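> got a predicted model here, sequence first, then my questions.
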Amino acid sequence: MEDGLKKRLAISIISSISALFILLILIPSPVAAHNPTDIEMTHHPWGGFEVVVHHRVNDTTTHYIEKIIIDVDGNHYWTEYFTQQGSKYYQYYKTDVGASSGSVITVTAVCNQDGNFTKSFSAVNFGSNTDYTIPGFYGLGVFGILFFIVLGFIIKRKIN
């Protein structure tokens with residue numbers, strides 16, 4: 001009698017696991033479509049802007065950033081439409097936004113399958129951007145100084 005009970009229990013467990021597996025396969029995944037995750041905007045001294053919308057996709061022709069909407073100080077400035085995404089990781093757009101110092105630029109990226117992402121940027125010192133330094137050079141300078149200090153200690157130990 002125990003063998004029959006064990007056999008029925010095993011069949012019941014296997015049937016339940018199989019049914020659960022089939023349901024998981026048949027239920028569409030809600031993760032397939034998703035919002036853009038971030039927007040970066042860079043202002044260049046010559047007045048141009050680069051917009052990078054972070055949006056990771058598997059197929060850039062079926063899942064992509066459909067449009068980028070740009071507003072300046074609450075007024076619609078421009079909408080750029082796309083039929084596919086330029087990269088599996090982001091959509092890039094370059095423009096010349098007519099904004100002055102102190103303006104608020106709002107960028108909205110719309111996914112063709114689901115959702116959108118909006119981020120605002122404050123325009124500071126437009127037309128008078130004279131800071132041409134590259135922040136990475138600061139790190140390189142610190143690294144160089146530390147390198148020569150350590151090298152000096154090593155040479156001093158070798159001499160003594």
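Received the coordinates, thanks. Numbering: from 1, shown residues only.

> where in this protein is pLDDT low?
1, 3, 5, 9-12, 14-33, 45-47, 98, 124-143, 160 (pLDDT under 70).

> and the strands in it?
Under the criterion DSSP state E, strands of the chain are mapped to 38-43, 49-54, 65-72, 75-81, 90-95, 104-111, 116-122.

> CSV for these, including mean neighbour count?
The way it works is simple: take the backbone N, C-alpha and C, and place the C-beta from them, glycine included. Putting these into CSV (neighbours: other Cβ atoms under 10 Å) gives the following:
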stretch, mean neighbour count
strand 38-43, 16
strand 49-54, 19
strand 65-72, 19
strand 75-81, 12
strand 90-95, 18
strand 104-111, 20
strand 116-122, 15
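
> which one, of the ones you listed, ends up nearest to F148?
strand 38-43 (33.5 Å; Cβ to Cβ).

> dump the strands of the chain into CSV; add distance to F147 as well.
As requested, the strands of the chain are exported to CSV (distance: least, Cβ to Cβ, whole Å):
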stretch, distance to F147
strand 38-43, 31
strand 49-54, 33
strand 65-72, 43
strand 75-81, 46
strand 90-95, 35
strand 104-111, 41
strand 116-122, 37
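
> which one, of the ones you listed, ends up nearest to I154?
strand 38-43 (41.2 Å).

> the closest one pairs with which strands, and in what direction?
When sheet partners are counted by DSSP bridges, strand 38-43 sits next to strand 49-54 (antiparallel).

> I155 is nearest to which of the strands of the chain?
strand 38-43 (43.1 Å).

> tell me which residues are up against that closest one.
With contact meaning Cβ atoms under 8 Å, 6 or more residues apart in numbering, strand 38-43 is reached by 49-54, 105, 107, 109, 117-119, 121, 123, 126, 129.

> follow-up on the earlier one: looking at the strands of the chain, which is closest to R8?
Nearest of the strands of the chain (Cβ to Cβ): strand 104-111, 49.6 Å.

> within the sheet, what are the partner strands of the closest one, with directions?
strand 65-72 (antiparallel), strand 116-122 (antiparallel).

> strand 75-81 and the longest one, what's the angle between them?
Yep, that's strand 65-72 we're talking about. 160 degrees (axes from the mean of the first three to the mean of the last three Cα atoms, to 10 degrees).

> for burial, what's the neighbour tally of Y64?
Residues lying near Y64 (other Cβ atoms under 10 Å) number 20.
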